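S.K.: give me a model of this one.
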Amino acid sequence: MKKLYELMNEYGINDKSVMATVIEGEYFGEKALFSENKLLFDSTDSGFLGKHKEKILEITQTGSYWIDNNRVFVEILGNDEKLVICGGGHISIQLIKIALMIGFKVTVLEDRPKFADDARRAGAHHVICKPFELGLEEVKGDKDTFFVIVTRGHRYDQICLEKIIYKENAYIGMLGSKVRVRNIKEAMVAKGIDRESIERIYAPIGLKIGAETPEEIAVCIAAELIQVKNSSKRGSRYTKEMLEAILTDNGDITAKVLATIVSKKGSTPRSAGTKMLVFPDGKTIGTIGGGCVEAEIIQKTLILMDSDSTEPELYKVDMTGQNVEDEGMICGGINEVLLEKIL
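M.R.: Okay, the predicted model is just below:
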């Protein structure tokens, strides 16, 4: 199965990458990877999934679907979510800290060396200290890239927006009053930039929670990023860290298990497509919700690692009833988790 992940690493993951796994039916366990409408990997030669390529590629949201009497978990794959912040002032510093906590890979553009250093100290993964128009030439957008414009002035906002508007993105947000935002938008229309594209900008930026301080403004921006991110329904992400761990052999480690939520009913913390990689010593990359449920799944993965079986297992986690209340859990739904051993 490592061949599959080697191909993912070689070809990269983009918004046209789709993974399909049979989780119920005659062909249980079959797995296939499609990219750019091509079949890159099929665990079975001339297998069930390859034969149903057209139906699979019609699906646009991660989830479980019945195809010819087999239940297939289809994942619309994505890259690491990236946040590009234009500006390194007080709001930016607070936003960096929050964005790191919620899993974004953060890049900051700032033309003043002192403020660029502040962004580095705050933990930004990458800081570009150049004039904004030059720095943005080094940033490639994609459907997993979120742009936030929080520079120190009107003209810098417009410079950044004029560069960013043409980049593929998941989100563009800009700080400023309604008047300031309107003036910038009208100036861009006057330059011939499509109004429809301009109206998709989130401005003034952030959810309306009455924020005043830099910390509060950063919270309202982060909340809007989360709202937009989670509305995409893509859900399935193999982070760079996870892929590297899957492909790396570390001494005595002979197997790892990938746990993936393939369905959810009711109130459960994580959505379909959420992943956790478990090592033989119980260490993990990623989380499927934490608490007792995650501990239970880790125990199941350790049992699978110790067994001779190489077949995947589908495990139901029931978070309803008295036992859940006794454990102090606040969720009340059911998750199905697919466990796959990686050798």
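S.K.: from now on I want contacts and neighbour counts done on CA atoms only, so please keep to that.
M.R.: OK.
S.K.: could you list the low-confidence segments of the stretch 201-343 of the chain?
M.R.: For the stretch 201-343 of the chain, the stretches with pLDDT under 70 are 232-236, 250-254, 266-269, 319-332.
S.K.: go again with 50.
M.R.: Within the stretch 201-343 of the chain, the set of residues satisfying pLDDT under 50 comprises 322, 330.
S.K.: can you pull out the strands in it?
M.R.: Ranges of strands within the stretch 201-343 of the chain are 236-237, 256-265, 275-278, 284-286, 313-318, 334-342, based on DSSP state E, counting those that start in this stretch.
S.K.: and the residue nearest to Gly286 when sequence neighbours are not counted, what does it touch?
M.R.: Leaving aside its chain neighbours, Gly286 sits nearest to Met276 (4.5 Å; criterion: Cα to Cα, 6 or more residues apart in numbering). The contact partners of Met276, by Cα atoms under 8 Å, 6 or more residues apart in numbering, come to Leu258, Ala259, Thr260, Thr284, Ile285, Gly286, Thr287, Ile288.
S.K.: do Leu40 as well
M.R.: Here Leu40 is in contact with Leu7, Ala32, Leu33, Phe34 (Cα under 8 Å, 6+ apart).
S.K.: any chance of those residues in TSV, with neighbour count and secondary structure too?
M.R.: Listed next are the contacts of Leu40 as TSV, based on neighbours: other Cα atoms under 10 Å; DSSP: H, G, I helix; E, B strand; the rest coil:
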residue	neighbour count	secondary structure
Leu7	14	helix
Ala32	22	strand
Leu33	25	strand
Phe34	21	strand
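S.K.: out of those, who's nearest Glu54?
M.R.: Distance to Glu54, by Cα to Cα, is smallest for Phe34 among the contacts of Leu40, at 10.6 Å.
S.K.: surely that closest one is in contact with Val18?
M.R.: Yes: the criterion here is Cα atoms under 8 Å, and Phe34 meets it with Val18 at 5.1 Å.
S.K.: wait, Cys87 touches Ile149, no?
M.R.: Not Cys; residue 87 is Gly. Yes: using Cα under 8 Å, Gly87 and Ile149 qualify as a contacting pair, with a distance of 6.7 Å.
S.K.: in the stretch 151-300 of the chain, which spans are helices?
M.R.: Along the stretch 151-300 of the chain, counting by DSSP state H, counting those that start in this stretch, helices occupy 154-164, 178-190, 195-199, 214-230, 240-247, 291-306.
S.K.: measure the closest residue to Lys208 other than its chain neighbours to Lys31 for me?
M.R.: Among residues not flanking Lys208 along the chain, Cys220 sits closest, at 7.0 Å (Cα to Cα, 6+ apart). Distance from Cys220 to Lys31, counting by Cα to Cα, to the nearest Å: 40 Å.
S.K.: ok, these two, which is more surrounded?
M.R.: Lys31 (24 against 21; other Cα atoms under 10 Å).
S.K.: excluding its backbone neighbours, what's nearest the more buried one?
M.R.: Nearest in space to Lys31, with sequence neighbours left out and distances taken as Cα to Cα, 6+ apart, is Thr21 at 4.4 Å.
S.K.: can I get the helix or strand where Glu10 lies in CSV, CA atoms only?
M.R.: Using DSSP states H and E, Glu10 falls within helix 2-11. The C-alpha trace of helix 2-11 is given here as CSV (Å, rounded to 0.1, in the frame of the first residue of the first chain):
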residue,chain,number,x,y,z
LYS,A,2,3.0,2.3,0.4
LYS,A,3,3.1,2.6,-3.4
LEU,A,4,-0.1,4.6,-3.2
TYR,A,5,1.4,7.1,-0.8
GLU,A,6,4.6,7.3,-2.9
LEU,A,7,2.5,8.3,-5.8
MET,A,8,0.7,10.9,-3.8
ASN,A,9,4.0,12.3,-2.7
GLU,A,10,5.4,12.2,-6.3
TYR,A,11,2.5,13.7,-8.1
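S.K.: picking that back up, settle it for me: which of Gly87 and Ile149 has more neighbours?
M.R.: Per other Cα under 10 Å, whichever of Gly87 and Ile149 has more neighbours is Gly87, with 27 against 24.
S.K.: contacts only, for Asn79.
M.R.: By Cα under 8 Å, 6+ apart, the neighbours of Asn79 are Ile13, Asn14, Asp144, Arg237, Tyr238, Thr239.
S.K.: check Arg71 too.
M.R.: By Cα under 8 Å, 6+ apart, Arg71 lies in contact with Val22, Ile23, Glu24, Gly25, Ser64, Tyr65.
S.K.: ok, of the residues you listed, which come out buried?
M.R.: Buried members of those, scored by 16 or more other Cα atoms under 10 Å, are Val22, Ile23, Glu24, Ser64, Tyr65.
S.K.: spell out the secondary structure type for the first one.
M.R.: Following DSSP: H, G, I helix; E, B strand; the rest coil, we place Val22 in the strand state.
S.K.: contacting residues around the closest residue to it other than its chain neighbours?
M.R.: Computed as Cα to Cα, 6+ apart, the closest residue to Val22 that is not its neighbour in sequence is Val72, at 4.3 Å. By Cα under 8 Å, 6+ apart, Val72 lies in contact with Ala20, Thr21, Val22, Ile23, Glu24, Ser64, Tyr65, Trp66.
S.K.: before we move on, back to that, filter the contacts of Met276 down to the buried ones, PyMOL style.
M.R.: Buried members of the contacts of Met276, defined by 16+ other Cα under 10 Å, are picked up in PyMOL with:
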select buried, resi 258+259+260+284+286+287+288
